[in-house]
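> Provided below for reference: sequence and predicted model.
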Amino acid sequence: MVLNSNNRVDHFECLETTIRIQNTHMPLQIHSVLLPPHQTTLQKLKHRISEIFFPDDPFFRFKNQTWFRKLLLGIQFFFPVFQWAPQYNLCFLRSDIVSGLTIASLAIPQGISYAKLANLPPIIGLYSSFVPPLIYSLLGSSRHIGVGPVSIASLVMGSMLSESVSYSQDPILYLKLALTATFFAGVFQASLGILRLGFIIDFLSKATLLGFMAGAAIIVSLQQLKGMLGIAHFTNQMQIVPVLTSVFKQRSEWSWQTIALGLSFLTFMLTTRYISLKKPKLFWVSAAAPLTSVILSTLLVFCLRKKAQEIAIIGHLPKGINPPSSGMLYFNGPYLALAIKTGIVTGILSLTEGIAVGRTFATLYNYQVDGNKEMMAIGLMNMAGSCSSCYVTTGSFSRSAVNVNAGAKTIVSNIIMASAVLVTLLFLMPLFYYTPNVVLAAIIVSAVIGLIDFQAAYKLWKVDKIDFLACLCSFCGVVFISVPLGLGIAVGISIFKILLHVSRPNTVVLGNIPETEIYHNLNQYKEASRIPSFFILAVESPIYFANSTYLQERILRWVREEEERVKANKESTLKYLILDMTAVTAIDTSGIDTLGELKDMLEKRSIQLVLANPVGNVMEKLHKSKVLESFEEKGLYLTVAEAVAAISIP
């Protein structure tokens with residue numbers, strides 16, 4: 001039979017009506033709630049540990065393989081370079097050379113600038129752009145990440161160390177502590193990867209990180225006023241009030257030549273950034289702007305060196321590759337705790353940024369980045385870096401974005417970048433002698449402005465007010481208190497949010513959607529209706545010791561309010577409370593005791609407690625605790641619909 005479109009619609013409407021009529025008169029089959037298959041305590045422990053530490057099952061590729069194949073896979077697992085190296089070709093090499101030279105033009109001025117941000121000699125920034133990228137190229141699993149110093153970690157290291165040690169009065173001790181902090185950052189990062197504890201960094205939510213980075217960007221920019229204005233005597237404090245106070249107190253030191261030069265190049269770099277954002281194909285305009293600024297400003301100051309003596313310059317930078325620094329690591333003394341604390345904080349921040357960068361571009365280009373392997377790679381990179389005159393490095397957002405836009409195919413682009421830095425260290429260092437400090441400050445300001453994301457903050461306000469509050473508190477903590485305490489506030493707010501969700505879980509009243517067996521939130525579905533004599537509640541979280549008392553009190557309040565509503569509307573007396581446990585993924589002994597106490601309290605009100613759809617492990621614990629024995633025949637069902645149907649039968 002052939003149906004036209006109108007007849008087809010009528011046919012399906014008639015068929016749908018027939019099905020509804022059949023379902024209306026068809027008795028609902030009642031199913032038993034079964035226990036999960038029996039497992040020993042050892043099996044349960046093994047499964048739980050596997051779910052916590054090995055959710056990605058990293059050993060699946062070794063199954064059913066020969067010993068030789070397992071050895072080869074093991075080498076590839078620890079050294080991902082052996083995975084892509086056999087397929088490498090000249091086409092990839094051409095793309096990687098272009099992208100490597102492009103990010104080198106960004107890495108060289110950024111390295112010098114970020115080292116000054118950390119209150120370290122500028123040459124340390126170049127050292128940190130040479131050795132770490134080479135190590136990551138062997139151990140890292142991301143193809144597009146650009147490795148080097150980053151602004152946030154540099155700022156935090158500089159602020160934490162300078163609170164106790166003056167980088168100007170005792171530069172050797174300060175450098176020792178920076179290298180030692182880098183070593184401990186690497187140890188901490190590698191340990192997280194080896195022990196597969198990467199979930200720890202997830203406690204820094206995106207909302208709190210957004211506020212932290214925006215606050216840090218403000219502090220970084222304000223700190224650069226020293227270089228932008230040509231001030232010689234400046235505060236070591238990082239808060240907004242002392243910095244602005246110091247700026248205006250030292251008005252006599254302001255240099256109009258420095259201000260004019262700084263504003264000119266800052267405007268130039270912000271303009272190129274705007275052009276690249278508007279036209280992504282012109283990404284190279286923004287990428288080349290820092291190095292172009294360094295070259296032009298250096299030439300300008302060199303030509304006007306007799307007339308522009310007020311403009312501070314970098315001065316002499318030593319030639320040569322990274323000198324060994326393992327002998328400078330500070331493992332014994334009064335500042336060891338400071339070095340460890342600084343290392344852990346900067347390690348967390350750099351690890352968070354590095355993994356976020358790697359995962360972002362892996363998602364865009366359809367490959368997988370192993371978070372725990374990345375932690376080991378970044379950690380070992382920093383440990384080796386601390387022994388070769390480098391400070392904390394990780395995957396940089398700006399470098400990685402430029403790397404991708406330049407057409408990078410593999411991590412070889414980092415090797416090309418490191419090679420360009422090597423040539424600079426060996427032959428080009430004298431050319432930076434007349435580079436003005438104000439241009440380095442302008443480079444930092446133009447880079448960190450991108451960390452302030454107003455659109456993301458506005459989205460938080462629209463979507464989740466609690467997330468926005470966390471973002472705002474984190475921002476204010478960094479700007480008005482200190483960077484380390486701001487980070488602590490960010491972590492504290494993230495943990496508080498978790499505790500809030502755990503200790504104050506959501507409970508909703510369910511109603512039946514007409515002509516279906518579906519029970520859903522009455523507030524969400526206005527057509528859903530209550531069932532006379534029944535009150536149906538859903539708990540949307542595990543029931544733990546932390547929330548069991550709250551749930552008991554909240555459920556009793558729901559019951560009291562429902563009884564008042566029934567009495568006011570003169571409806572059927574409330575006889576049954578059905579607790580939908582579909583979303584109760586776990587329960588402990590406190591939760592089990594709460595269910596028993598709740599049942600006794602409801603019975604005193606002549607209300608029977610009915611449980612619907614307890615999941616496997618919850619059902620097993622209820623069974624072992626003997627609490628199910630107190631429930632009568634009509635006390636446990638597979639679904640809410642079956643519970644209502646079975647209880648309604650006389």
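In hand now; what should we look at?
> report the buried residues of the helix or strand where A377 lies.
Counting by DSSP states H and E, the element that carries A377 is helix 371-386. Judged by neighbour count using 16 or more other Cβ atoms under 10 Å, the buried positions of helix 371-386 are 371-386. All C-beta atoms are positioned from the backbone trio N, CA, C, and that covers glycine.
> now swap in stretch 43-62 and tell me
Buried residues in stretch 43-62 (16+ other Cβ under 10 Å): none.
> pLDDT on the helix holding A377, on average?
Here helix 371-386 scores 92 as its mean pLDDT.
> after that helix, next one along is what?
Next helix or strand after helix 371-386 toward the C-terminus (DSSP H and E): strand 394-396.
> that older thread, from the chain's centroid, how far away is the helix holding A377?
Chain-centre distance of helix 371-386: 18 Å, with Cα atoms, centre = their mean, to the nearest Å.
> that one - contacts with which helices or strands?
The elements that helix 371-386 packs onto, with contact taken as 3 or more Cβ pairs under 8 Å, 6 or more residues apart in numbering; DSSP states H and E, are helix 131-139, helix 171-194, helix 336-364.
> which residues touch the first one?
Read it as helix 131-139. 78-81, 145, 147-148, 322, 373, 376-378, 380-382, 384-385, 388, 390, 393, 411-412, 414-415, 417-418 (Cβ atoms under 8 Å, 6 or more residues apart in numbering).
> hey, where'd the strands end up in the stretch 1-150 of the chain?
146-148 (DSSP state E, counting those that start in this stretch).
> picking up where we left off before, what's the closest of the helices and strands packed on helix 371-386 to H47?
Of all the helices and strands packed on helix 371-386, the one in closest proximity to H47, counting by Cβ to Cβ, is helix 171-194 (22.0 Å).
> possible to save the helices and strands packed on helix 371-386 as a markdown table with mean pLDDT and mean neighbour count?
Shown next, in a markdown table, are those (pLDDT from 0 to 100; neighbours: other Cβ atoms under 10 Å):
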| stretch | mean pLDDT | mean neighbour count |
| --- | --- | --- |
| helix 131-139 | 93 | 23 |
| helix 171-194 | 95 | 23 |
| helix 336-364 | 88 | 21 |
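> which one of those helices lies closest to Y88?
Of these, the one closest to Y88 (Cβ to Cβ) turns out to be helix 131-139, at 12.3 Å.
> just want the angle from that closest one to helix 371-386.
If you take axes from the mean of the first three to the mean of the last three Cα atoms, to 10 degrees, helix 131-139 sits at 140 degrees to helix 371-386.
> from the buried residues of helix 371-386, which single one is nearest I314?
For the buried residues of helix 371-386, the nearest to I314 is G385 (22.2 Å; Cβ to Cβ).
> looking at it, the closest one is touching T393, isn't it?
Yes: here G385 reaches T393: they are 6.1 Å apart, a contact under Cβ atoms under 8 Å.
> shared neighbours of these two, which are they?
128, 132.
> roughly how far apart are the nearest residue to M228 once chain neighbours are set aside and Q309?
Excluding its sequence neighbours, the residue lying closest to M228 (Cβ to Cβ, 6 or more residues apart in numbering) is G262, at 4.3 Å. According to Cβ to Cβ, to the nearest Å, G262 and Q309 sit 16 Å apart.
> for the stretch 201-350 of the chain, which segments count as helices?
Listed in chain order, the helices of the stretch 201-350 of the chain (DSSP state H, counting those that start in this stretch) span residues 206-223, 225-229, 240-249, 256-278, 283-303, 336-364.
> let me fix that: the stretch 51-200 of the chain
Going by DSSP H, counting those that start in this stretch, the stretch 51-200 of the chain shows helices at 67-78, 81-84, 90-117, 122-127, 131-139, 151-162, 171-194.
> closest one to Y114 out of the buried residues of helix 371-386, please.
Nearest to Y114 among the buried residues of helix 371-386, with distances taken as Cβ to Cβ, is G385, at 13.8 Å.
> thinking again about what came up before, which of G262 and Q309 has more neighbours?
Set G262 next to Q309 and count neighbours by other Cβ atoms under 10 Å: G262 wins out with 27 against 11.
> so how far is M581 from the more buried one?
In terms of Cβ to Cβ, G262 sits 64 Å off from M581.
> and V421, by the same measure?
Noted for V421: a distance of 60 Å to M581, by Cβ to Cβ.
> more neighbours: which of these two?
With neighbours defined as other Cβ under 10 Å, V421 and M581 compare such that V421 has more, 26 against 21.
> ok, the residue nearest to M228 - contacts?
G262 sits next to 227-229, 438-439, 441-442 when contact means Cβ under 8 Å, 6+ apart.
> tell me how many other residues crowd Q368.
10.
> C303 too?
Other residues close to C303 by other Cβ under 10 Å number 11.
> so who does it touch?
Per Cβ under 8 Å, 6+ apart, neighbours of C303: none.
> distance of it relative to S297?
11 Å.
> tell me how far the host helix or strand of A441 lies from the chain's centre.
Using DSSP H and E, the element containing A441 is helix 437-448. When distances are taken as Cα atoms, centre = their mean, helix 437-448 is centred 26 Å away from the chain's centroid.
> okay, the angle between that helix and helix 283-303?
170 degrees.
> mean confidence (pLDDT) on helix 437-448, please.
On average, helix 437-448 scores 85.
> again with stretch 489-500
Mean predicted confidence for stretch 489-500 is 80.
> do the same with stretch 319-327
pLDDT averaged over stretch 319-327 gives 92.
> report the buried residues of it.
For stretch 319-327, by 16+ other Cβ under 10 Å, it's 322, 325.
> do the same with stretch 405-424
Neighbour-count burial for stretch 405-424, with 16+ other Cβ under 10 Å as criterion, is recorded at 405-406, 408-422, 424.
> which outside residues touch that stretch?
Outside stretch 405-424, the residues that reach it (Cβ under 8 Å, 6+ apart) are 81, 84, 88, 91-93, 95-104, 107-108, 111, 126, 129-131, 133-134, 136-137, 140, 142-147, 280, 283-284, 287, 321, 403.
> which secondary element of this structure has the worst mean pLDDT?
The helix or strand of the chain with the poorest confidence is helix 5-25; it has a mean of 39 (mean pLDDT, DSSP states H and E).
> re the thing from before, next, format the helices of the stretch 51-200 of the chain as TSV and append distance to K626.
What follows is the helices of the stretch 51-200 of the chain, written out as TSV (distance: least, Cβ to Cβ, whole Å):
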stretch	distance to K626
helix 67-78	48
helix 81-84	54
helix 90-117	63
helix 122-127	67
helix 131-139	54
helix 151-162	54
helix 171-194	42
